[in-house]
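Participant: I would like the atomic coordinates for the input below:
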Amino acid sequence: MREIEAFVDSVYQNVGGNRKEIQELKAEMKSHLLEAVHELKTEGKSEQEAIEIAIERFGGEKEMRSVVGQLFKAQKTFAKWVLYTAIAFLLIPTLIFSIVMPIEKSKLDQSNQVASQILNSLGDNEGIPTQLETDIQEIVQSSGRITGISIYDHEKLFSSTNEDVEPIYSFREKGLFNIWNNIGFLTYNGYGESNNTWHVSIESKSYEGTAIILLLVGIVVYWTLFTIWATINAYHHRRLNVGWVIAFALLNVVGYSIYFLVGKIRGVTNENVH
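Facilitator: This is a model prediction of the structure:
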């Protein structure tokens, strides 16, 4: 029936997407309309009347065209946002990680220099000069990173079986425990340096752990969302199966690249056959 075919073609005429998927949907719509026409004719309607009633019951040309267009647009928009969100979850934590880690490395080098300076000031002296204690306090109070410095007797610290060796001198910044600690954004790293007599331990703020956690979380979220996006695409192309889902989940971009290449090869083969 030409009128049925013309109606179906008009509904999908401006719809963009996979050709095979559109052809299958058109065939399904045509089948439903023909069934409706057949039922109406058995009720005594003429063929022309049956066609007009079937199309009207289906929603009419303008309404169906609008519904189908919106449906395909929504599917495409959803798939795109899934992909964009996946990429954002990969790039943003990666950028943060690449910025934070060099900064943390630079600050660690500063801690090394401070420890070396304190050891040089101590030398092999048996006691800690008062001026050095004052200098240590100034370092902790003025530094935005160093939160505490402790000096131990090297021999007692490394040869004693007592795990709770007290420092000979220690100075720590007050008010370390704040909201950033409680929610896990800020951790404290310890760094130590020794000579034959003394061991200097420096405690400092660090965002390295947070950067690593953000990167790992970002990769996991990206991996999951990319798998969902690839699965949606495979479904729209009518090529979805368990094997491809496993390939997307395990191999990610590599798995989707294989899926894409296989589709290209099949497309070329089909064109050659026809």
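
Participant: Next, Gly144: secondary structure please.
Facilitator: At Gly144, secondary structure determined by DSSP: H, G, I helix; E, B strand; the rest coil is coil.

Participant: Report how many residues lie close to it.
Facilitator: 8 (other Cβ atoms under 10 Å). Placement of C-beta: from N, CA and C, glycine included.

Participant: any low-confidence regions in the protein?
Facilitator: For the chain, applying pLDDT under 70 flags the ranges 1, 11-21, 58-73, 160-163, 175-189, 267-274.

Participant: name the helices or strands packed onto the helix or strand Val220 falls within?
Facilitator: Assessed by DSSP states H and E, Val220 sits inside helix 208-236. Helix 208-236 sits against helix 61-122, strand 187-194, helix 242-251, helix 253-273, with contacts defined as 3 or more Cβ pairs under 8 Å, 6 or more residues apart in numbering; DSSP states H and E.

Participant: Now that helix: buried residues?
Facilitator: 208, 210-211, 214-215, 218, 221-223, 225-234, 236 (16 or more other Cβ atoms under 10 Å).

Participant: swap in stretch 103-117?
Facilitator: Quick answer for stretch 103-117 (16+ other Cβ under 10 Å): Glu104, Lys107, Leu108, Ser111, Val114, Ala115.

Participant: export those to JSON lines and tack on distance to Tyr191?
Facilitator: What follows is the buried residues of stretch 103-117, written out as JSON lines (distance: Cβ to Cβ, whole Å):
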{"residue": "Glu104", "distance to Tyr191": "12"}
{"residue": "Lys107", "distance to Tyr191": "10"}
{"residue": "Leu108", "distance to Tyr191": "7"}
{"residue": "Ser111", "distance to Tyr191": "5"}
{"residue": "Val114", "distance to Tyr191": "9"}
{"residue": "Ala115", "distance to Tyr191": "7"}
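
Participant: Could you dump the helices and strands packed on helix 208-236 into TSV and include distance to Ala54?
Facilitator: Shown next, in TSV, are those (distance: least, Cβ to Cβ, whole Å):
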stretch	distance to Ala54
helix 61-122	12
strand 187-194	69
helix 242-251	38
helix 253-273	34
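
Participant: circling back to that earlier point, tell me the one of the buried residues of stretch 103-117 nearest Tyr84?
Facilitator: Nearest to Tyr84, judged by Cβ to Cβ, of the buried residues of stretch 103-117 is Glu104 at 30.0 Å.

Participant: Next one: the residue lying closest to the closest one once chain neighbours are set aside relative to Gly218, how far apart?
Facilitator: Nearest non-adjacent residue to Glu104, counting by Cβ to Cβ, 6 or more residues apart in numbering: Glu208, 4.6 Å away. From Glu208 across to Gly218, the span is 16 Å (Cβ to Cβ, to the nearest Å).

Participant: Let me know the secondary structure of Val165.
Facilitator: coil.

Participant: i'd like the first residue to be 136 from this point on
Facilitator: Sure, I'll start counting at 136 from here, so that last one is Val300.

Participant: That one and Ile286 touch, don't they?
Facilitator: No. At 11.7 Å, Val300 does not count as touching Ile286 under the criterion of Cβ atoms under 8 Å.

Participant: In terms of packing, which of the two has more residues around it?
Facilitator: Ile286 (21 against 15).

Participant: what about the more buried one, which helix or strand?
Facilitator: Going by DSSP H and E, Ile286 is in strand 281-288.
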